[in-house]
Every structure is written in C-alpha cells, then in structure tokens.
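>>> quick one, fold the following:
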Amino acid sequence: MDMQQETQIDSLIAVDIGSINTKAVLIARVENAYRFIARAESATTTEAPWSDVAIGARHALEKLSAAAGRPLLDDRGSLLTPQRPDGSGVDACVVTASAAQPLRVVLAALAGECSLMSLRRAALGTYVALEDQLALAGGGTLRGSGKSITDDRLQHIYDAQPDVVCVAGGTDGGAERPVLDLVEAARLAALFLEGGNKPKILFAGNAKLKPRVTEIVGTEAELVVADNVRPALDVENLGPAQNEIEVLYATHKMARIPGFATIAEWTSWPVLPSARAMSYVAQYLSAGHPDRGVLGIDVGGSATALAAAFDGQVYTTLRSDVGTSFGGERLLDEIGWQTVARWLDFEVTESDVRAFVINKELRPSTIPQDARELHMEQALAREAIRSVLRLARSGWPANAPRFSDTGVPLFEPIIGGGGVLARAPRPGQAALVLLDAIEPAGVTMLVLDTYGLSAALGAAVMAQPLISVQALEQGGLLPLATVVTPIGRMRLGEVVMTLSLSYEGGGTIEDEVKAGSLSVLPLTPHQKATLRLFPRPSVDIGRGLGRGGKPFEIQGSALGLIIDARGRPLTLPSDLTRRINLVKSWLWDVGADPVEGFSPAEHES
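Now for the predicted structure:
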C-alpha cells in the first residue's frame, strides 16, 4: 500500500483470534487523531460443532457494530470495506491469531549451553511446543546406550513426531562433521516419517555448510536455511531463525485453522501471530530510550507471552503450553503445587489446586465463580509469568539498563494484558499479580491493557503506523500505578526511605517507608504531583545508594502511587499461618479485599 493510500485510512478493524475468545477492536479518526472507539468479543469457534473461526469473528463484529452504532458486515457476512459515505464499514482490517495448535519442534545442536540454548531462544519467540532437545554435549537429552549415537538421535526425533527439526551448531567456519551428522539424523527421521508426518528441517548452523546440508537433505524433506544462530562463540543472531520458525508456524498451523481463509480475505496484510503484534508495541515504546526497557506481558488461556524491548530491539518469549485455562497441570508438575498455593490468602490442599486447573481445562471459557477461584486463577497467572521470565532473562542483552545484579532490568512501562489481568475486579489485584510475578525495581509505571489493544495496535502498524502512535497517546492503555521499589540492605521494619508527594492543586503527603511494607498513596487519573524520594545510604531507587536525585513529576492513575518495600527477591514465610496473613495484608494494602475477613491490626499483632 502506498503512502497516499495510507493517509486515507480513517477507520480500522483489528480482529484477534484467540484460543478461547475472538476480539474485535474499532479504531477511527476523530478530530484528526486516531482513537479507540469500541471493542467486542465472542467465543472462538475453532472446535466442533462450528469448526469455523469465521463464525466467531462475525459474532464479535456484530457485537462491535451494535456497540459502535455502525454497520460493519454486508448481507453475506463479509466485512464492509472501504468505509461508506454514510459511515458504515471500515477502510482497513488487520488480523492476528493465536488459536492454532503450536508448531511441534525438535531442537538439535552441538553444545547444550551454546548453540542449543540460542536455538531454543529463537524457537520460543513464537508458538511452539518443544518436543525434544538434543545436544552432543552440555545439557542435551542424548545419553549413553547400547545403540549408536546416530540411532539414538534418530529415535528421539522419530518418537517426537515433530513438524520441524531445527539444527544448529558450529560457529561460521567452525565444527563440520558433528553438525552434518545431526543433519543426517534429521533427514533419516524425515525419510521414515512419511506422508503428512514428514517434518521440515531448519538449518541455522555453520554458514560454510549450507551447500553440503542442501546436498544431504536433497528431496527427502523440505529444507529451510537461516543464518547461524551462533556465528561466533560470543555472538548470538536469533532474528533470521526466529523469523523462519514464525513463517513455518503461520503457514503450517495458522493457515490451517478452520475458517482462517475467510478471515484472511478481509485484510490486505499478512495475518500476524498475536505475540508478534504485541511485541511491536513494546518495540515502539522503547525506541529512543536507551536508559530503560519496556516489558509487555500477555497471559492468555493457552499461552503466556512476554516481549522485552531495549532501545528498539525486541526479545519475544512464549510458553505455548501454559496459560490460565490450559497447561495448569503441566506447570504444577514443573514447580510443585505449593509454589502456586503460596500466593493464596487461604489454606488449600494439593487436590484443591489440581481440581481447579483440571476444571479450567475442561471448561476453558468459564470465569471464576467466587473469590477463592479468582485468587487461584491469579496465583496461577503469577507463576505462568514467572516461568516465562526464567526462560527469557538469559536471552536479554547483558548491557540492558539495570542498577542491581539481582533485579530485573529497569522497565518503564510494564504492560500487562490477558483476561486474568484485564477482568480483575479491582485494579489492585492486577497490580499485585504484576508486582509479585515480575518483581520490578526502581521507579516504573504499570499499565493495563484492559481492552486487549496490544495485538490490535501492533498489527495496525502494517496499515498505518500513525494509528498505533495516536491510539496509544489517546489513552488506548490504562495507567494502573506508578511504582517505587527501593532495594538494598534493609532490615524488616526499619525506615529505609522518606518521601514527599506534593499535589499540583495543593496539599502534600509526607511518609516514612519501612522495609517489608506495601502501601498506596492516592493520585487519581488526570491529577499530577511532584514526588521527592530520600532513601537511606544503604538503599537504592535506581540512582545510586542513598541518592534520591531531583524531584520528578508523576501522573495520576487507577491506583496512584505504590511504594513496594517488600524487598527483592520476594520471600514468603514457610509457616502457613504467617504466610496467609502476609498475603492477606498485601491484598488489603492495594485495595483488593482478601477472600476472608481480615484486619491489618490482626496481621501486625
């Protein structure tokens, strides 16, 4: 689309096909600026009896049409484009999707802590299921056996029944024979797995071997070649391999969603994986800000996605096997049910937690029926986010802006999305999930994607970048809270910082911050205030030990100003009663009532 056409887009529909719900968002030009107008959602209709996602998408558009007061579909159920003089229809449509089954992948590389790790980070940039990981040394699954190593590799690949075998290893101009052996094993597996089960082979190793790899694979399998993920021992190059894996997901999984072709006809641009679209928003917000990163999180029903961006460079990590509806049992088996239960403000048994996650998987579209179920879903979301963070951190650049070796990089803003956060009855619940899961440090802003706009705005970049820019500036995302997190040597109960919050309209709050505390100071939307921080010599807020720096202006938000002095990393008591009371006190502090009656005085006593 040329620039002249781009400037003529006055309205745009963004459709996101999720595994459970399909969302439709309308953005239009109002008074020379693009604004979010309305949204609607309907159940995704991938499964029987519908087996056609276009049905769910039409239902969402019908609801959107009613909400926006403008016809969007014609008599045949097709999207009306371009926009008509009477205001019906829209000029453009973009589509994102995460409803497809993940791409089944086997990774094969030489070194478990080098090429295999890089290959894994590349694969986890989109919706994949890692069926097996093979390494000749340092962390692979291959072990000694009575069979030859080649037979062992072949058996692993054959048993996994993958869609794609990704092979890497050797720096450019480095190791050759072992890498070619891995390629040969992949070729033989493709030979045995005939018909529709024949896997593709992605080679992202020693660039010198590309001609020989092509010769070895021949016509036995479809070969895709990307640049080496480890061209040198100290250089990682994930982009090309990540892009090829994403293309394979789009062509071999997304394109096969029943009814996908119908929706694809509504748009002039490629259908993007939802996580990729979300990452564009983080990338845009981080551009030109080398002093901080931007973190975007989406906790979906079947997948949890994270996009970290630093000065315009984005790093996307997904777990396609863990969400708030699907994958709960897998997560419990990995980390233990007690790890999830530690975030609850009431006592549970293992059977209680497992019954909850099994019921969610059987009835994925249901919402929590009471406060106990709500808090269990939010506890599961905390650990889903933490599991993705553990995968993502090792792939972030070593020079990412940070002020502590133990904390996460400096992120501002942190954007939280997904139904479990967006539909939290109280904003304090969403804020606490993000704080507990991410454990940010310093000063940051929490932002809530209440309308599921991240994917829509990311995809809109393809049609007209200005749409995303202006919709974000016009309040497309909800400011949740400004958060100040002091870290350092802090003894529980001692004063670690004093602060002064001066409101623009008059009035000042002065407060002492004690180690272990969590507090909220009011600052409503559209209010402004000047914040002054005075940390103790052993405490850092991101400006050096004991340095408060100059006062800075903060904007109002749904919650206001949160002071999180609970320490990093977060630690919870091993004693059950003390832990439950502590979690209750945190909920109370952020304005999210505990499940059962609670008084702060009881906790202090």
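
>>> buried residues, whichever helix in the chain runs longest. List them.
Using DSSP state H, we find that the single longest helix of the chain is helix 371-393. Using 16 or more other Cβ atoms under 10 Å as the test for burial, helix 371-393 gives 371-389, 392. (Each C-beta comes from the backbone N, C-alpha and C, glycine too.)

>>> mind telling me what element Leu191 is part of?
If you go by DSSP states H and E, Leu191 is part of helix 177-192.

>>> circling back to that earlier point, the longest helix of the chain - what's its average pLDDT?
When pLDDT is averaged over helix 371-393, the result is 95.

>>> what about it, distance to the chain center?
From the chain centre to the centre of helix 371-393 is a distance of 12 Å (Cα atoms, centre = their mean, to the nearest Å).

>>> so what strands line up beside the following helix or strand past it?
Using DSSP H and E, the next helix or strand after helix 371-393 towards the C-terminus is strand 411-417. Looking at strand 411-417 with DSSP bridges, its paired strands and their directions are strand 293-299 (parallel), strand 442-448 (parallel).

>>> of all the residues in whichever helix or strand comes after strand 411-417, which ones are buried?
Scanning forward in sequence from strand 411-417 by DSSP H and E, the next helix or strand is helix 419-422. Of all the residues in helix 419-422, those buried under the rule 16+ other Cβ under 10 Å are Gly419, Val420, Leu421, Ala422.

>>> same question for stretch 530-539.
If you call a residue buried by 16+ other Cβ under 10 Å, then stretch 530-539 has these buried ones: Leu531, Arg532, Leu533, Phe534, Pro535, Arg536, Val539.

>>> just checking, Leu561 touches Leu521?
Yes - at 4.3 Å, Leu561 counts as touching Leu521 under the criterion of Cβ atoms under 8 Å.

>>> between these two, who's got more neighbours?
Leu561 (22 against 17; other Cβ atoms under 10 Å).

>>> surely the more buried one is within a helix?
No - the assignment for Leu561 (DSSP: H, G, I helix; E, B strand; the rest coil) gives strand, which keeps it out of a helix.

>>> show me where the stretch 451-600 of the chain has its strands.
Taking DSSP state E, counting those that start in this stretch as the test, the strands found in the stretch 451-600 of the chain are 478-485, 487-488, 495-503, 508-514, 518-521, 528-535, 539-540, 552-555, 560-564.

>>> scratch that, the stretch 51-200 of the chain
For the stretch 51-200 of the chain, the strands defined by DSSP E, counting those that start in this stretch cover 92-97, 103-111, 128-137, 164-167, 200-203.

>>> can you dump the C-alpha atoms of the longest one in PDB for me?
Going back to what we said before, that points to strand 128-137. Provided in PDB are the C-alpha atoms of strand 128-137 (Å, rounded to 0.1, in the frame of the first residue of the first chain):
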ATOM      1  CA  VAL A 128       6.000 -23.800  19.500                       C
ATOM      2  CA  ALA A 129       5.900 -26.900  21.600                       C
ATOM      3  CA  LEU A 130       9.400 -28.100  22.300                       C
ATOM      4  CA  GLU A 131       9.000 -31.900  22.000                       C
ATOM      5  CA  ASP A 132      12.700 -32.700  22.500                       C
ATOM      6  CA  GLN A 133      16.100 -31.100  22.700                       C
ATOM      7  CA  LEU A 134      19.200 -32.900  21.600                       C
ATOM      8  CA  ALA A 135      22.800 -31.900  22.200                       C
ATOM      9  CA  LEU A 136      26.000 -33.800  21.700                       C
ATOM     10  CA  ALA A 137      27.500 -32.200  24.800                       C
END
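
>>> which residue, other than its chain neighbours, is closest to Ile385?
Ala437 (3.8 Å; Cβ to Cβ, 6 or more residues apart in numbering).

>>> from what I can see the one you found touches Ser387, true?
No - applying Cβ under 8 Å, one finds Ala437 not in contact with Ser387, separated by 9.6 Å.
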